[in-house]
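Trainee: I need the structure of the sequence given here:
(one chain, ligands or ions: 1)
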Amino acid sequence: MPPVLSDVISALDALWPPALAEDWDATGLVCGDPQAPVSRVLFAVDPVQEIADEAIERGAQLLITHHPLYLRGTTSVAADTFKGRVVHQLIKHDVALFVAHTNADRADPGVSDALAGALDLRVTGPLIPDPTDPAGRRGLGRICALDRPLTPAEFARYAAERLPATAQGVRVAADPAAPDRPIRTVAVCGGSGDSLFAAVRAAGVDAYVTADLRHHPASEAREHTGLTLVDAAHWATEWPWCALAAAELDAVSERHGWGLRTHVSHRITDPWTAHASSDPNTTPGAPN
Ligand SMILES: [Zn+2]
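Mentor: The predicted model follows:
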């Protein structure tokens, strides 16, 4: 018996409790009729036009994204902006949009568990534990262990092979004076992680995998410690959560006999589309 949207939302709220979201966040239902039946669900990172198109092509009644469509509120959903067009198109085709953002980051399992899983890392606990969780499993980021130590160059290759391919690839900041320093412990944070550097340093890990690292925080983190930084495309660090989330909803569907069909979008919605390598040792015109 297919559920109605409000039944599915109750299940989603149990997986990623809205109370776990940051105050500034905008999670939950963006559009959709709570009484409408749901049989197909699409998971994606970004609520952009090509993902809305895919939801319609697949005949989904529910699109679940990690990133909010409107983060700061709006006074208009007119179709003269891309966001308004997405809302119009989804409503016209009876597709609901639901967002699980920082509540999915903090949940157990959460976005960083999926990133650790994609990297085959053993999670030992959250990087910033949620004090309200007696089990000590919820929180931001995860601390992980490698089964065998790798050098920074080996670990970077390892990460690049396991994360979904993007134009950016994987950037590394390692100490050139210690190319063989072994990496045994790693902190991971899906999405923009440079606000967590203090916790990463306090955890005393050998490497940090995240996205969107800026010059100054990254530079300072490297000066303070021998930490190796691995910066992947934002989308690539969060996309593994889509499969985890779909599997969690599949399990709920099976328990209730809902017969939901879930899909994960494979469309790469990282905004960066090309990458030109440059090497100061070989690029003509570079300062010596
Ligand atoms: Zn993100």
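Trainee: and the residue of the stretch 1-150 of the chain nearest the ion?
Mentor: When distances are taken as C-beta to the ion, the stretch 1-150 of the chain reaches nearest to the ion at His67, 5.6 Å away. For every residue, glycine as well, the C-beta is placed using N, CA and C.
Trainee: Report pLDDT for Thr282.
Mentor: We note a pLDDT of 68 for Thr282 in this prediction.
Trainee: could you pull out the strands for the stretch 51-200 of the chain?
Mentor: For the stretch 51-200 of the chain, the strands defined by DSSP state E, counting those that start in this stretch cover 62-65, 96-99, 122-129, 139-150, 170-173, 183-192.
Trainee: can you list contacts of the least confident helix or strand in the chain by mean pLDDT?
Mentor: Every helix and strand in the chain was compared by mean pLDDT, DSSP states H and E; the lowest is helix 215-224, with a mean of 87. For helix 215-224, contacts defined as C-beta atoms under 8 Å, 6 or more residues apart in numbering pick out 173, 175, 194, 197, 200-201, 208, 227, 229, 231.
Trainee: can you tell me which of the strands of the stretch 51-200 of the chain comes nearest to Asp33?
Mentor: strand 96-99 (7.2 Å; C-beta to C-beta).
Trainee: Is there proximity between that closest one and the ion?
Mentor: No: Strand 96-99 stays clear of the ion (C-beta under 5 Å from the ion), getting no nearer than 11.2 Å.
Trainee: Same question for stretch 38-54.
Mentor: No: using C-beta under 5 Å from the ion, stretch 38-54 stays clear of the ion, coming no nearer than 7.0 Å.
Trainee: still on that earlier bit, which SS state does the closest residue in space to the residue of the stretch 1-150 of the chain closest to the ion that isn't next to it in sequence fall under?
Mentor: Leaving aside its sequence neighbours, His67 sits nearest to Asp46 (C-beta to C-beta, 6 or more residues apart in numbering; 5.2 Å). Secondary structure, DSSP: H, G, I helix; E, B strand; the rest coil: Asp46 is coil.
Trainee: List the residues that contact Asp46.
Mentor: Per C-beta under 8 Å, 6+ apart, neighbours of Asp46: 65-67, 235, 269.
Trainee: Out of those, name the two that are farthest from one another.
Mentor: It's Thr65 and Trp235 that sit farthest apart of the contacts of Asp46, by C-beta to C-beta, at 11.6 Å.
Trainee: Look up the residues that both of the two are in contact with.
Mentor: Contacts common to Thr65 and Trp235, judged by C-beta under 8 Å, 6+ apart, are 45-46.
Trainee: What are the buried residues along stretch 8-18?
Mentor: Buried residues in stretch 8-18, defined by neighbour count with 16 or more other C-beta atoms under 10 Å: 8-9, 11-13, 15-17.
Trainee: Would you convert the residues you listed into a markdown table that also reports pLDDT?
Mentor: What follows is the buried residues of stretch 8-18, written out as a markdown table (pLDDT from 0 to 100):
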| residue | pLDDT |
| --- | --- |
| Val8 | 98 |
| Ile9 | 98 |
| Ala11 | 98 |
| Leu12 | 98 |
| Asp13 | 98 |
| Leu15 | 98 |
| Trp16 | 98 |
| Pro17 | 97 |
